[in-house]
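J.: coordinates for the following, if possible.
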Amino acid sequence: MRLFFFLPLLALAQAPPKTWIDPDTGHRVVRLTDEPNSASLYFNQNGYTADGKKLIYTTPDGISSFNLATKESKSVVKGRVRVIVTGHKTQNVYYTKDGAVFSTDVDSGATREIAKLPPRGSIATVNADETLLAGTYIDGEGPDYNQNRPAGAGAPQTLDQPRNKGQMMEERLASRQWMSMFTVDTKTGKTKIIHKATDWLNHLEFSPTDPTLLMFCHEGPWHKVDRIWTVRTDGTHFTKIHTRTMTMEIFGHEFWSHDGKTIYYDLQTPRGEVFWLAGFNVDTGERTWYHLQRDEWSIHFNVTHDGELFCGDGGDPGQVARAKDGQWIYLFRPELTTNRQGIDEKGFVHAGVLRAEKLVNMSKHQYRLEPNVSFTPDKKWVVFRSNMFGPTYTFAVEVAKAIGK
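T.: Numbers count the residues shown, from 1 in each chain. This is a model prediction of the structure:
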């Protein structure tokens, strides 16, 4: 009897704290989720409902929502599913389950099967007005490396990066498997192939404002591929976003600004030496590069809805930047360099810097799990996932300081 009495107390004592002030930064951190191995979404997956009130996260039991105002959690979808994204227009969350793609209204729970997936197919994104989904499938035989399916519910162990990822990337690129990129009409379920290639097609992401503009990647080791492209949903207007100009220049981990005007990405000139957060305006072609110090480089970056602030999730010494003191959640304030030249040469890069502020000490976080930062819609908090207490949970850090440092 005594053993059973003390077990709940022991579990309570070992539970991660619900809130604390980071002693190294002065910022308040809160734990949003209670379920061990629960996680916010990948950094470029929209994880907030269209009304901006709820955060979607995954658990070993399915998909749940967290009300940012009331702090209440609610199960939305039960079972082994793979979350795709939340919609920009409706309260729907999109996901795949048992070879089909579904949508569920986060508020009402109304669920609809949209379409069966092609064999070996996956869906990665939904467009701005939620009329189209987009995904890929591998034609014929050959291994399925499954890289454009973000880790989701029912498989928390896949949140960690595989130890042999580099070797896998090389093998997949060399295999030259035929792939098809396709769209799915969310009303009729009709699929349409918009591109076929032996390039590795991956990381599809629709513009958050233009329903016909789709970003995708030629995946592989970054120093070997022309990675970032856009295409129209009718299969026309292929556009390469960045062209390398030096040996071992790399770029990737791309994401859209919320207004759909800019594609941002991690740029290194060359790899592991000089670090930028680069931006490409899809309407004007203008380029902006913000410089970072080595320790401030982050695996992933993100931006507020108004474009005024950036955040990053840092990295340990084993990452490409080899940072000695990079294990932090960062806040960045962009600052463009003054053009003293007085000449606005067309085609020149607009250069600047990111002024960094440390938000959370991540020294106890194991970076095989990528924190994947995002701003809440009101830009008051930076949300991330972490295993700093053992199991993975979703946390948020307040942008404003709780105490002076």
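J.: how near is residue 305 to residue 64?
T.: The spacing between residue 305 and residue 64, counted by CB to CB, to the nearest Å, is 23 Å. Where C-beta positions appear, they are placed from N, C-alpha and C, glycine not excepted.
J.: wait, residue 197
T.: Plainly put, residue 197 is 37 Å away from residue 64 if you go by CB to CB.
J.: more neighbours: which of the two?
T.: Each of residue 197 and residue 64 has its neighbours counted (other CB atoms under 10 Å); residue 64 has more, 24 against 14.
J.: list the contacts of that one.
T.: Residue 64 makes contact with 33, 35, 38, 56-58, 73-76 under the criterion CB atoms under 8 Å, 6 or more residues apart in numbering.
J.: for the nearest residue to residue 399 once chain neighbours are set aside, grab phi and psi.
T.: Nearest non-adjacent residue to residue 399, counting by CB to CB, 6 or more residues apart in numbering: residue 380, 5.7 Å away. When quoted as degrees, to the nearest 10, the phi and psi of residue 380 stand at phi -90, psi -20.
J.: wait, residue 380 touches residue 400, no?
T.: Yes - contact criterion CB atoms under 8 Å: residue 380 and residue 400 qualify, at 7.1 Å.
J.: more neighbours: which of those two?
T.: Higher neighbour count among residue 380 and residue 400: residue 380, with 13 against 9, using other CB under 10 Å.
J.: contacts only, for that one.
T.: 398-400.
J.: residue 366: how many residues sit nearby?
T.: Quick note: residue 366 (other CB under 10 Å) scores 13 neighbours.
J.: state the pLDDT value of the closest residue to it other than its chain neighbours.
T.: With sequence-adjacent residues excluded and distances taken as CB to CB, 6+ apart, residue 366 is closest to residue 387, at 5.4 Å. With respect to pLDDT, residue 387 has a value of 97.
J.: now residue 387: how far from residue 397?
T.: Computed with CB to CB, the distance linking residue 387 and residue 397 is 16 Å.
J.: so the residue nearest to residue 366 makes contact with residue 370?
T.: No - Residue 387 is beyond contact range of residue 370, at 10.6 Å (criterion: CB under 8 Å).
J.: so which strand or helix has the residue most central in space within the chain?
T.: What sits nearest the mean C-alpha location of the chain, by CA atoms, centre = their mean, is residue 43, with 1.9 Å. Residue 43 is part of no helix or strand when elements are defined by DSSP states H and E.
J.: what ranges do the strands span in the stretch 101-250 of the chain?
T.: Taking DSSP state E, counting those that start in this stretch, the strands of the stretch 101-250 of the chain run over residues 111-116, 121-126, 132-138, 179-185, 191-197, 201-206, 213-218, 228-232, 239-240, 250-256.
J.: returning to that earlier point: pick the one among the contacts of residue 380 closest to residue 340.
T.: Nearest to residue 340 among the contacts of residue 380 is residue 399, at 32.0 Å by CB to CB.
J.: adjacent strands (with direction) for the helix or strand harbouring the closest one?
T.: Assessed by DSSP H and E, residue 399 sits inside strand 393-401. Partner strands and pairing direction for strand 393-401 (DSSP bridges) are strand 27-31 (antiparallel), strand 381-386 (antiparallel).
J.: which parts of it are buried?
T.: For strand 393-401, the neighbour count (16 or more other CB atoms under 10 Å) marks 393-399 as buried.
J.: distance of the closest residue to residue 241 other than its chain neighbours from residue 307?
T.: Here the nearest residue to residue 241 in space, its sequence neighbours aside, is residue 228; by CB to CB, 6+ apart that works out to 4.0 Å. Counting by CB to CB, the separation of residue 228 from residue 307 is 19 Å.
J.: quick one: which of these two has more around it?
T.: Between residue 228 and residue 307, residue 228 has the larger neighbour count (other CB under 10 Å), namely 22 against 15.
J.: hang on, isn't the more buried one packed against residue 243?
T.: No - the criterion here is CB under 8 Å, and residue 228 misses it with residue 243 at 10.3 Å.
J.: who's in contact with residue 307?
T.: Shown in contact with residue 307 (CB under 8 Å, 6+ apart): 257-259, 262.
J.: show the pLDDT at it.
T.: The model's pLDDT for residue 307 equals 97.
J.: SS state for it?
T.: At residue 307 the chain is in coil, as set by DSSP: H, G, I helix; E, B strand; the rest coil.
J.: cool, and residue 314?
T.: Strictly by three-state DSSP, residue 314 counts as coil.
J.: which of the contacts of residue 64 are buried, as a PyMOL select command?
T.: Here is the PyMOL selection string for the buried members of the contacts of residue 64, based on 16+ other CB under 10 Å:
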select buried, resi 33+35+38+56+57+58+73+76
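J.: let me know the closest of the contacts of residue 64 to residue 359.
T.: For the contacts of residue 64, the nearest to residue 359 is residue 33 (18.7 Å; CB to CB).
J.: state the distance from the closest one to residue 244.
T.: Applying CB to CB to residue 33 and residue 244 gives a distance of 40 Å.
J.: also residue 20?
T.: Applying CB to CB, the value for residue 20 to residue 244 is 44 Å.
J.: comparing those two, which shows the higher neighbour count?
T.: More crowded of residue 20 and residue 244, by other CB under 10 Å: residue 244, with 17 against 13.
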